[in-house]
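Trainee: only geometry, no sequence info:
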């Protein structure tokens, strides 16, 4: 084999985790099917989401779906996997999508989050968000022990409930080596309660809380999935004519999402410690700190930093001196979605 071919194979392995072109060709069928399922799921999420808005008496024209396309894709995948046999030819590509492409997607999610949004909450809002996240993680972990559920399942549910639903679950799963069925159970859990919250919490908030800011903080911390928070806040805005609550809920949820970069290593550390304490972990009692910060989490932080710097430079007329406000918004939306 020539030196150039060897160098090319090494580059392919660094980029894709495969060493030869024939290995890449084996990925094509599975990746194609995964992409098709994702596109269909995005369409289904839009159709179902618009129907949900109509059920709440909201005109869906010009509004985004309150249902996450990622969530629908996971549910569709679960159904297909249990109804149809998975051909051997699709397995390499699907495994590649679940590992490499999924983590790449998590990195791109970071572009949707700006540190400037956190500052909008003010000194009184941020402690509330932190308290809500911490209490959710602690209480769910405690309930998991009381109910004697598997450690990894409890860790996934805690992350999904405390941070951002499905995104937090699929981000935490690789760090703790969760099984597919555990991911499915955790997704179903946060999906069910998130949908219930999307329908019920706007009216609960209106009955119990007194200011728009309080309503926004409540909706932004009590509902799991980002799309569900937007749906709940949109319902409140349309029914009670309160745009301030809508904005507060959105900013609160984005602030919660930023803690993804903290919670993934934290939950991985917690899981490893619990495993070692129960005697199920590896013999070495030391925890490799580097392994608690996966590359995709660092990439997520880097993208959030890029978004924050871009938003900060918009004050001078253009993000990084290149894109105006409209172009920058379109660029970050395209990458983040």
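Mentor: Cool, got the structure. Predicted model, so just to flag it, every value in this text is computed and none were measured.

Trainee: Now do the buried residues in stretch 64-76.
Mentor: 65-76 (16 or more other CB atoms under 10 Å). No exception for glycine: its C-beta is placed from N, CA and C like everyone else's.

Trainee: Need the max-distance pair from those residues.
Mentor: 66 and 76 (17.9 Å; CB to CB).

Trainee: Return the subset of the buried residues of stretch 64-76 lying in strands.
Mentor: If you go by DSSP state E, the buried residues of stretch 64-76 have nothing in strands.

Trainee: Which one of the residues you listed is nearest to residue 23?
Mentor: residue 73 (25.2 Å).

Trainee: just checking, that closest one touches residue 38?
Mentor: Yes. Contact criterion CB atoms under 8 Å: residue 73 and residue 38 qualify, at 5.2 Å.

Trainee: those helices in the stretch 51-200 of the chain, which residues are they?
Mentor: Under the criterion DSSP state H, counting those that start in this stretch, the stretch 51-200 of the chain contains helices at 69-83, 91-96, 102-109, 115-146, 151-159, 166-176, 180-208.

Trainee: Including distance to residue 326 and mean pLDDT, could these go into JSON lines?
Mentor: Formatted as JSON lines, the helices of the stretch 51-200 of the chain follow (distance: least, CB to CB, whole Å; pLDDT from 0 to 100):
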{"stretch": "helix 69-83", "distance to residue 326": "24", "mean pLDDT": "82"}
{"stretch": "helix 91-96", "distance to residue 326": "36", "mean pLDDT": "87"}
{"stretch": "helix 102-109", "distance to residue 326": "20", "mean pLDDT": "78"}
{"stretch": "helix 115-146", "distance to residue 326": "18", "mean pLDDT": "84"}
{"stretch": "helix 151-159", "distance to residue 326": "35", "mean pLDDT": "89"}
{"stretch": "helix 166-176", "distance to residue 326": "26", "mean pLDDT": "84"}
{"stretch": "helix 180-208", "distance to residue 326": "30", "mean pLDDT": "89"}
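
Trainee: closest to residue 308 out of the ones you listed?
Mentor: Ranking the helices of the stretch 51-200 of the chain by proximity to residue 308 (CB to CB) places helix 115-146 first, at 4.1 Å.

Trainee: which other helices and strands contact the closest one?
Mentor: With contacts defined as 3 or more CB pairs under 8 Å, 6 or more residues apart in numbering; DSSP states H and E, helix 115-146 has these neighbours: helix 151-159, helix 212-222, helix 243-258, helix 260-277, helix 295-313.

Trainee: among those helices, where is the model least confident on average?
Mentor: Across the helices and strands packed on helix 115-146, helix 260-277 has the smallest mean pLDDT, namely a mean of 79.

Trainee: Report the inter-axis angle for that one versus helix 115-146.
Mentor: With axes from the mean of the first three to the mean of the last three CA atoms, to 10 degrees defining the directions, helix 260-277 sits at 20 degrees from helix 115-146.

Trainee: helices and strands around helix 260-277, which ones?
Mentor: Here helix 260-277 touches helix 115-146, helix 151-159, helix 166-176, helix 295-313, going by 3+ CB pairs under 8 Å, 6+ apart.

Trainee: The shortest one to helix 166-176, inter-axis angle?
Mentor: Taking the same axes, to 10 degrees, one finds helix 151-159 and helix 166-176 inclined to each other by 150 degrees.

Trainee: Pretty sure residue 159 sits against residue 172.
Mentor: Yes. Residue 159 is within contact range of residue 172, at 4.3 Å (criterion: CB under 8 Å).

Trainee: residues of stretch 297-310 that come out buried?
Mentor: By 16+ other CB under 10 Å, the buried positions in stretch 297-310 come out as 297, 299-301, 303-304, 306-308, 310.

Trainee: cool, and stretch 52-67?
Mentor: In stretch 52-67, counting by 16+ other CB under 10 Å, buried: 52-53, 56, 58, 60, 65-67.

Trainee: and which of these is nearest to residue 186?
Mentor: The closest of these, once distances to residue 186 are taken by CB to CB, is residue 67, at 17.9 Å.

Trainee: and the gap between the closest residue to the closest one other than its chain neighbours and residue 319?
Mentor: Among residues not flanking residue 67 along the chain, residue 49 sits closest, at 3.9 Å (CB to CB, 6 or more residues apart in numbering). Per CB to CB, to the nearest Å, residue 49 is found 30 Å from residue 319.

Trainee: Can you name the residues that contact the closest residue to residue 178 other than its chain neighbours?
Mentor: Leaving aside its chain neighbours, residue 178 sits nearest to residue 152 (4.6 Å; criterion: CB to CB, 6+ apart). Taking CB atoms under 8 Å, 6 or more residues apart in numbering, we find residue 152 in contact with 176-179, 182, 271.

Trainee: Find the centremost residue of this structure, please.
Mentor: residue 167 (1.8 Å; CA atoms, centre = their mean).

Trainee: show me what contacts that one?
Mentor: 70, 106, 109, 225-226, 257, 260.

Trainee: again, but for residue 248
Mentor: When contacts are counted by CB under 8 Å, 6+ apart, residue 248 touches 125, 212-213, 215-217, 220.

Trainee: What of residue 91?
Mentor: Applying CB under 8 Å, 6+ apart, the residues near residue 91 are residue 30.

Trainee: Over to residue 121?
Mentor: Neighbours of residue 121 in contact, by CB under 8 Å, 6+ apart: 129, 251-252, 255.
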